[in-house]
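Q: Sequence plus the predicted model coming up.
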Amino acid sequence: MAELIALKSLQEAADLLGVSVFTIRRLIKAGEIRAVHVGARVLVPAAEIERVANHGVGVARVGKPRTSAKVR
């Protein structure tokens with residue numbers, strides 16, 4: 001028998017994680033959050049929201065600043 005998976009809308013995911021829908025879309029596009037497409041809708045598994053809430057996403061970026069300053 002198929003197992004049912006709880007799915008949340010992007011707005012629900014954003015509310016639960018305390019971020020904007022734009023941030024959720026950006027994280028999905030970057031592959032940081034898994035999502036499923038049901039017709040035209042994009043939904044996030046509840047387990048994925050729980051994972052992000054508990055462990056976060058990605059790693060902090062460390063490196064050169066975006067703007068280059070010339071030292072003379």
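A: Structure's in. What do you need?
Q: Helices along this structure, start to end?
A: 10-17, 21-29, 46-55 (DSSP state H).
Q: can you tell me how far the spatially most central residue of the chain sits from Ala47?
A: Nearest residue to the geometric centre of the chain (Cα atoms, centre = their mean): Leu27, 3.4 Å. Applying Cβ to Cβ, to the nearest Å, the value for Leu27 to Ala47 is 15 Å. For glycine as for every other residue, the C-beta is placed from the backbone atoms N, C-alpha and C.
Q: Tell me where the model's unsure across the protein.
A: Residue ranges of the chain with pLDDT under 70: 1, 58-72.
Q: how distant is the longest strand belonging to the chain from the center of its chain?
A: When the chain is parsed with DSSP state E, its longest strand is strand 41-45. On the basis of Cα atoms, centre = their mean, to the nearest Å, strand 41-45 sits 11 Å off its chain's mean C-alpha point.
Q: do the same with stretch 44-56
A: With Cα atoms, centre = their mean as the basis, stretch 44-56 stands 9 Å off its chain's centre.
Q: Please apply the same query to stretch 4-19.
A: With Cα atoms, centre = their mean as the basis, stretch 4-19 stands 10 Å off its chain's centre.
Q: For Val44, the count of nearby residues, please.
A: Neighbour count of Val44, defined by other Cβ atoms under 10 Å: 25.
Q: Which residue is the nearest non-sequential neighbour of it?
A: Spatial nearest neighbour of Val44, excluding adjacent residues (Cβ to Cβ, 6 or more residues apart in numbering): Ala13 at 4.3 Å.
Q: May I have stretch 5-15 as CSV, with CA atoms only?
A: Extracted in CSV, the C-alpha atoms of stretch 5-15 (Å, rounded to 0.1, in the frame of the first residue of the first chain):
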residue,chain,number,x,y,z
ILE,A,5,3.4,12.0,2.5
ALA,A,6,2.4,15.3,4.2
LEU,A,7,3.0,18.2,1.8
LYS,A,8,3.0,21.9,2.6
SER,A,9,2.6,24.9,0.2
LEU,A,10,5.4,27.3,-0.2
GLN,A,11,3.6,29.8,2.0
GLU,A,12,3.2,27.2,4.7
ALA,A,13,6.8,26.2,4.5
ALA,A,14,7.9,29.9,4.7
ASP,A,15,5.7,30.5,7.7
